[in-house]
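Colleague: build me a model from this:
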Amino acid sequence: MSKHKDRRQRRERYHQMLDAELGSDGAERQFVNRVLSTMDHDGVDFAPDGRPIKADFWRYVASREGFNVHTALAGEHLIERSISMIQVDRI
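Modeller: All right, here's what the predicted structure looks like:
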């Protein structure tokens with residue numbers, strides 16, 4: 001399999017994992033924690049295969065807008081909510 005096809009399929013499996021998180025009941029908090037954890041680790045998350053993957057949540061939302069509008073809107077809302085939760089401590 002080509003390198004690019006492998007990356008594309010791995011990214012799609014990662015997006016399917018995010019779909020499953022957003023589709024289950026009570027998973028909102030888990031998704032928000034995933035976004036915040038990713039921000040703490042320089043944009044790196046863990047894919048379903050256990051390997052690190054560069055998380056791009058806005059790309060995820062854009063990929064879902066065409067055929068899964070509810071998931072895209074839920075993801076966008078939770079991403080914005082998690083970003084608004086960040087507080088900067090002043091010294």
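
Colleague: just the helices from this structure, written as ranges.
Modeller: Counting by DSSP state H, the chain has helices at residues 3-23, 28-40, 57-64, 69-84.

Colleague: tell me the centre residue of the chain?
Modeller: Note on the chain: the residue nearest the mean C-alpha position is residue 57, at 4.4 Å, using Cα atoms, centre = their mean.

Colleague: one step back: which of the helices of the chain comes out lowest on mean pLDDT?
Modeller: Ranked on mean pLDDT, the bottom entry among these is helix 69-84, at a mean of 77.

Colleague: ok, and for that helix, which residues are buried?
Modeller: For helix 69-84, burial by neighbour count (16 or more other Cβ atoms under 10 Å) applies to 71-72, 74-76, 78-79, 82. Any C-beta I mention is one placed from the backbone N, CA and C, and that applies to glycine too.

Colleague: distance to residue 27 added to those residues, as JSON lines?
Modeller: Below are those laid out as JSON lines (distance: Cβ to Cβ, whole Å):
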{"residue": "71", "distance to residue 27": "12"}
{"residue": "72", "distance to residue 27": "16"}
{"residue": "74", "distance to residue 27": "10"}
{"residue": "75", "distance to residue 27": "11"}
{"residue": "76", "distance to residue 27": "16"}
{"residue": "78", "distance to residue 27": "10"}
{"residue": "79", "distance to residue 27": "14"}
{"residue": "82", "distance to residue 27": "13"}
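
Colleague: which of the residues you listed sits closest to residue 28?
Modeller: Of all the buried residues of helix 69-84, residue 28 sits closest to residue 78, with 6.0 Å by Cβ to Cβ.

Colleague: I figured the closest one hits residue 28, correct?
Modeller: Yes - taking contacts as Cβ atoms under 8 Å, residue 78 lies within contact range of residue 28: 6.0 Å.

Colleague: shared neighbours of the two, which are they?
Modeller: residue 22 (Cβ atoms under 8 Å, 6 or more residues apart in numbering).
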